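1. show me the folded form of this:
(chains A, B, C and D)
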4 protein chains.
Amino acid sequence: MSIAATTDKSLLRTAVSDIAEVMAARPDRGTVASYIPELATVDPARFGLCVVDADGEVFMGGDAEVPFSIQSISKVFTLTLALGMVGDRLWKRVGREPSGSAFNSIVQLEFEKGVPRNPFINAGAIATTDVILSGHKPKEALGEILRFMQFLADDQTIHIDREVAASEQRTGFRNAALANYMKSFGIIENPVEYTLGVYFHHCALAMSCRQLAMAGRFLAYKGRNPSTGLFVVKPERARRINSLMMMCGHYDGSGEFAYRVGLPGKSGVGGGILAIVPGQASIAVWSPGLDASGNSHLGRIALEALATRMGWSVFG
Amino acid sequence: MSIAATTDKSLLRTAVSDIAEVMAARPDRGTVASYIPELATVDPARFGLCVVDADGEVFMGGDAEVPFSIQSISKVFTLTLALGMVGDRLWKRVGREPSGSAFNSIVQLEFEKGVPRNPFINAGAIATTDVILSGHKPKEALGEILRFMQFLADDQTIHIDREVAASEQRTGFRNAALANYMKSFGIIENPVEYTLGVYFHHCALAMSCRQLAMAGRFLAYKGRNPSTGLFVVKPERARRINSLMMMCGHYDGSGEFAYRVGLPGKSGVGGGILAIVPGQASIAVWSPGLDASGNSHLGRIALEALATRMGWSVFG
Amino acid sequence: MSIAATTDKSLLRTAVSDIAEVMAARPDRGTVASYIPELATVDPARFGLCVVDADGEVFMGGDAEVPFSIQSISKVFTLTLALGMVGDRLWKRVGREPSGSAFNSIVQLEFEKGVPRNPFINAGAIATTDVILSGHKPKEALGEILRFMQFLADDQTIHIDREVAASEQRTGFRNAALANYMKSFGIIENPVEYTLGVYFHHCALAMSCRQLAMAGRFLAYKGRNPSTGLFVVKPERARRINSLMMMCGHYDGSGEFAYRVGLPGKSGVGGGILAIVPGQASIAVWSPGLDASGNSHLGRIALEALATRMGWSVFG
Amino acid sequence: MSIAATTDKSLLRTAVSDIAEVMAARPDRGTVASYIPELATVDPARFGLCVVDADGEVFMGGDAEVPFSIQSISKVFTLTLALGMVGDRLWKRVGREPSGSAFNSIVQLEFEKGVPRNPFINAGAIATTDVILSGHKPKEALGEILRFMQFLADDQTIHIDREVAASEQRTGFRNAALANYMKSFGIIENPVEYTLGVYFHHCALAMSCRQLAMAGRFLAYKGRNPSTGLFVVKPERARRINSLMMMCGHYDGSGEFAYRVGLPGKSGVGGGILAIVPGQASIAVWSPGLDASGNSHLGRIALEALATRMGWSVFG
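-> Now for the predicted structure:
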C-alpha cells in the first residue's frame, strides 16, 4: 500500500522516551526464560526500545544498545536467506499457516506428515535452516547467516554468543525430537546434528535493539536496505515476509499481538520483538520477562503503547 | 495508520472491469459447496466484484448486483453487534487466535474446554450469536441482525433466504454438535435450537457484492458509516475487527490469504469474500466455486490481482 | 478355554462376606458422580457385591439387593441385542479398539470420520442404540431392551428410573454433541432425539447387584442362560463380547482394570461394575464413589481382592 | 485362574501341522516391512509355528526353526527385566493403558508430558530400555538382555543380528525423535544415543519360533521356567505382563487381536507373534507379511485358527 504519511519525528521521540521510562518502572515483568542457564541469568529489569524511521533516523530509549539473545527473531532472517536461495521451492518443505499450538509442539507434524506449518515455529525454522545448510559445511552456513545480519544492520560487531549456543545444544532435546521427526519424513536433508548445530547458533545471535531495528529496515521499506539503496529482496517478498510475521510471529499468541498491536512482528524467548510499520519504521524492543505464550510481556505492551500513540496499526 | 494516499479512480475502474472480464472467462472455477441443496444449484459461472472507495464511489464488475448467500461473512457483522452489546466480555466466551484447523472442527473445543478459538470458525460464531440472542426471542434477535445489515449497507431490500436457512437447519448436524458441545461447558446460554436457529438464518442472508461492500465500509473508514457520517464502532474496534479478519477470516487458509492478498478478509461457503483496505476501500467479490480450504477459488485470485494492481497490501 | 476347575463355594462365601464388610468400613470412597442431580444424591456409604457361580448359586454381601442406576453397564446388553439384530454389520458403524481417551471424548470421532472406536464409549453406545432403534418406535425399542434385561436376569421387577432418564435428557448436551456429530457422518440413521431418548432411558435402568450378576450369566457360561438352558448368544459371541469388555470396558482405565483385576468387566458412572469369570462366575459390585477415570473406586478394589482370593484372573 | 484342563496332544499336533500347511499355501501374505533394507529382503513365503505345552513338549510346523528378527517382541522381555530391576517404580515413567494410536505416534507423548502410555509402544519400550541401561554401559546392558533370552529359551545360540541393528540405527529417526522428546521431559536418564543403541540391538535379536516359544514359557506357567523349575517372576507379575500383552501387544490392532484370538500376545514388525495360553501353552508364529496395523497378517490368522481348534481363548 502506498503510504504517503510522514512520521512526526518529535512525537516519535517523546513516545519512545516516555515508553522506555514507564516500562523500566513497571513491576510486572513476566518470567525470564529458564530453559537454558545463560538466558536465566539476564536481569529482568532491563528494557530497551529502538525505532528507525523512513529517513533512517534512529530513536532509542532505555537499554537500546545492550546486546541480548535474539533467539527466534533470527527466524525472520534465515527465512529471508532461504527464500533467496531456493525461492518458492521452500514451500514444499514448510507451510504458511498459523499453527494453533505452542512453538515447540510436535503434534501438528504427525498429523501433517512431517511438514511444519510455518517457518516461525521451531520445526519450520529448523527446516528452513536445513535449506540454508544444503551444499555447505555448518561453519560456512553459519558464517553466511552472520555476515547477512552484519550487512543488514550495517554493523560488523554483531556476533554469536557461543556459550548460549553450546548450552542449547546440550539441552535442546525437544528441538532434536522435532528435527529427527522431520528427518524421518525426508523434510531434513542434512545430518540432524549439523542442521541443529547451525540452528542453535543462529538463535544465539547477540544483538541490541538498535542493531535489530537496523537489520529489519528492509522489511519496512519494500525490500530495500536504505544504507545502500539496494534491494535486499523484491518488494513482493518483503510484503510476504511481513504477512508471515503477522500471522505466525508470536506462536499461539499471534492473534493477540495482531489484535493489540496490529503490526507484523516476531518475538524471541530472549525477550526481544522485531516489529515492522510498512513504509514507516522498523522497531525493536527488549524486555526479558515472558508471558504465558512465550512472548515478551512488556515488549508487547510497549509496542501496543507506541503503535497507539503513533497511529501505527496496519488495520486502520 | 494514517493513510493519506488517495485512490487512483481511473486505475481502479479499469482494474475492476478487467478482472471481472478475466475471471468470468477462466475455466478453473473450484467446487460449488454441495452440503445443502440450495447452495449446490448456484451457477459456477457467476462472478461479481464491487469496490467502494473512500469517497463512497462504487466500482462494479460482472454479477456485482446478483444476491448470493453470504454464509460465514455474516460472522463479521454478528461479531460487531455482539461487541456492541457486551464489549470485551465477549472474550470470556470466545478466543482470538487462529485455529490451525478446519472451519467445523470440534477437536480444539475439547482441548480448550468448550471455548472456541475465534469468532470466525463456526463454533465461535455460534457462541457470538448466542450473545446476541440473550434476553431476546430468536425472531427479535434475527430482526436486529437484519436491520443492522440494512442500515450498514443503506439498503432495505436485503433479506434472509428462508429456504437456505431451513435447509441448513435440517442438515446442520455438525453445527448442532458444536453448539451442544459448547452448551455442555456453559458457553452457550440459550436453548441450543434457538441459538442455532438464529445462526442458520443470519448465515442465509442474501446479498449482492454491492450490498456487501457497502455494509463493510465502516471497517475501512475507522468505524464510520460514510452515508451518515456517524460511527458504527470506535476506530479501535474497527481496527481490531480487521485484525481478526486477517488472522482468522479464511479458516485454515488464512495464512495463504494474508500471504497472497495481504488484506483483512472474510470468506463464506457461498463463494463470497469481503475484504478491507484500511483507509481506502471496502471490497466484495463473489465466485461460487471453492478451493480445498472452503474459500472462493476465483474470489481469492481476483482479490490478489486487484490488490497487486492497486498496491493495496497492508504489508508494504 | 475349557475350564474344568470348580469353584470352592465355602471359600467364595467367606470372600464375598469379608470383602463386603471391609469395603463398607473403608473411609476412601471416591467421588459420587454429580453431573445429574439424581445420581448425586446416592449415599456414598453404599456397597453391594453379588456372585453367581456356575451352578447358579448366588453369593451376596452388603447392599446387594438395593437397585442403583446401571448407566454404562447397559452398553453390554445393548451391544448383545444389536449384534443379535444385525450381526457383524454392526462393525461398519462401530470399531473394536480401545480409545485411549475419556468416555465422552469427541476428538477421536473427528479423526476417524464419525466412527466411534468401540461400543462401550458413549459415542459407540449411542450408535449401537441407533441400530436397535431402526425400524421401531423409541418406545418399542426401549420395551425390547427392558424385556431383554428382565429375561436375562429372570426378574420382571427390573425397571427404568424415568427421573434419571429425564434428568439426563435435560442435561446431556455432550451426548447430544456426539450424536449430532455422528449423524453428520451418517453413522446415526434415526432422528437424533429418538436415538438419544432410547439411550438415556436404557442407561437409567435401575438394578441391584443381584439382578445384574444374574443378567450377566450368559457371558460366563459360553452364551447360555442357565435358567433356561438355552443359548442367548453363540459361544463365540459371548467370548467376543467378553474380549470387548476387557479391552474397552473401563474407558481410559481399561488397562488398569486388566492389570489389577484381570477379568472382563464393564463399569457405569452409577458406581456399578459387572465382571465375568469365564466358565465360573458372573459378578456385580456397587459402590457409588468414582475414581479419576470415572470407574467405581471401591468396586474395582473389591473385585481385585475377590479375584486374588479366588485365583480368578484370566491371565494365569 | 486355576486351569485343570490338560491339552489334547494329538489334537494339538494335528492342528499345528494342518495350520502350517494351510498358511504356507495361502496367497494373501500381507506386506513385508520395508523401512530397513535387512527386513525387506525376507522371503514372504516363510511361515513357522511352534507350541510348547505345559509338559514342555514342543510342537512345530513349517519354518519353526528358522531365525527371524523378533523386533518388538523383545519388549516383553525387556519389560520383564526392567520390572525385576526397579519393580513398580517403572510405572512412574511408563503407563499401562492402550494408546489408541500407531506404534510410533508422538502425539500422545505431547498430551501426557512425555510419559509413554505403555511399555509396548516404541516410546514405552525405549523408556523401559533406559531403565535397564541405568548404571551400566550399553554393552553390559545388552549382554544382560541377551543372556536373559538365552536363559529363558535354554539356548545359547540366540544372538543379535548386528546388521539389522546397525541399519535401524542409521535410519531410526522417528525413534530418535521419541527418545529426544522423552529426554526433554526427563523420562530418559541416559544419553539418548546409548539408550537407542541398546534398544535397536535388542529389537534385532534373531530367534526362531521354537526359541521364542521356549522363552515365553514362564508367562504361561505362572512365572516359572519349567526347565529349571525356578520362578523367573512371581505368579502375579506373570499375570500382569500377560494383561499388558492383551491390552497393548498389537498397537492399534490390540482390540482386533483380543476379539479374534482372545489370547495375550505381542507382535513384531519382523512378522513374529508370541502368544500365551495361561496354564497351557506358549506359542510363537512367524509370517513376514504385515497387515495395516503392522502386525503379522497370517500370523494372526494362524493363531485365530489354532485358538479356535484348541478352544484356547481366555474369554470362555
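2. taking the stretch 101-250 of chain A, what residue is nearest to chain B?
-> A:N242 (3.8 Å; CB to the nearest CB). The C-beta positions use only the backbone N, C-alpha and C, and glycine is treated the same way.
3. actually chain A, sorry about that
-> Residue nearest to chain B within chain A: A:G100 (2.4 Å; CB to the nearest CB).
4. looks to me like that residue is in a helix.
-> No - A:G100 sits outside any helix when classified using DSSP: H, G, I helix; E, B strand; the rest coil, being coil.
5. what about the closest residue to it other than its chain neighbours, how many neighbours?
-> In this structure, A:G100 finds its nearest non-sequential neighbour in B:G100, 2.4 Å apart by CB to CB, 6 or more residues apart in numbering or on different chains. Using other CB atoms under 10 Å in any protein chain shown, the number of residues around B:G100 comes to 24.
6. go on, A:K266?
-> Applying other CB under 10 Å, I find that A:K266 has 30 neighbouring residues.
7. same question for A:I241.
-> The local packing of A:I241 (other CB under 10 Å) involves 26 other residues.
8. that one: what secondary structure?
-> Assigned state for A:I241: helix (three-state reduction, three-state DSSP).
9. domain ranges for chain A, per the record?
-> The record's domain parsing of chain A by automatic domain parsing lists A:9-69+A:207-310, A:72-203.
10. need the residue closest to the centroid of chain A.
-> By CA atoms, centre = their mean, the mean C-alpha position of chain A lies nearest to A:I73, the distance being 1.9 Å.
11. quick one: that one and A:G271 touch, right?
-> No - the pair A:I73 and A:G271 does not pass the contact test of CB atoms under 8 Å, sitting 10.2 Å apart.
12. wait, the residue of chain A closest to chain B sits on A:Y251?
-> No - no contact is recorded between A:G100 and A:Y251 when judged using CB under 8 Å, the distance being 9.8 Å.
13. in chain A, mark out all the strands, start to finish.
-> With DSSP state E as the criterion, chain A has strands at A:31-32, A:48-53, A:58-62, A:68-69, A:159-160, A:205-207, A:224-225, A:230-231, A:265-267, A:272-277, A:281-286, A:289-290.
14. and those as a markdown table, adding distance to D:T41 and mean pLDDT?
-> Putting the strands of chain A into a markdown table (distance: least, CB to CB, whole Å; pLDDT from 0 to 100) gives the following:
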| stretch | distance to D:T41 | mean pLDDT |
| --- | --- | --- |
| strand A:31-32 | 54 | 94 |
| strand A:48-53 | 62 | 97 |
| strand A:58-62 | 66 | 98 |
| strand A:68-69 | 50 | 98 |
| strand A:159-160 | 46 | 98 |
| strand A:205-207 | 48 | 98 |
| strand A:224-225 | 57 | 91 |
| strand A:230-231 | 55 | 92 |
| strand A:265-267 | 49 | 98 |
| strand A:272-277 | 53 | 98 |
| strand A:281-286 | 57 | 98 |
| strand A:289-290 | 52 | 96 |
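15. I'd like these written out as CSV, with distance to chain C added.
-> What follows is these, written out as CSV (distance: least, CB to the nearest CB, whole Å):
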stretch, distance to chain C
strand A:31-32, 30
strand A:48-53, 43
strand A:58-62, 46
strand A:68-69, 37
strand A:159-160, 42
strand A:205-207, 40
strand A:224-225, 47
strand A:230-231, 46
strand A:265-267, 30
strand A:272-277, 34
strand A:281-286, 38
strand A:289-290, 29
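16. what would those look like in a markdown table with distance to C:V164?
-> A markdown table is the format used below for the strands of chain A (distance: least, CB to CB, whole Å):
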| stretch | distance to C:V164 |
| --- | --- |
| strand A:31-32 | 48 |
| strand A:48-53 | 63 |
| strand A:58-62 | 65 |
| strand A:68-69 | 60 |
| strand A:159-160 | 67 |
| strand A:205-207 | 64 |
| strand A:224-225 | 73 |
| strand A:230-231 | 73 |
| strand A:265-267 | 52 |
| strand A:272-277 | 56 |
| strand A:281-286 | 59 |
| strand A:289-290 | 49 |
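17. low-confidence ranges, chain A, go.
-> Counting by pLDDT under 70, chain A shows low-confidence ranges at A:1-6.
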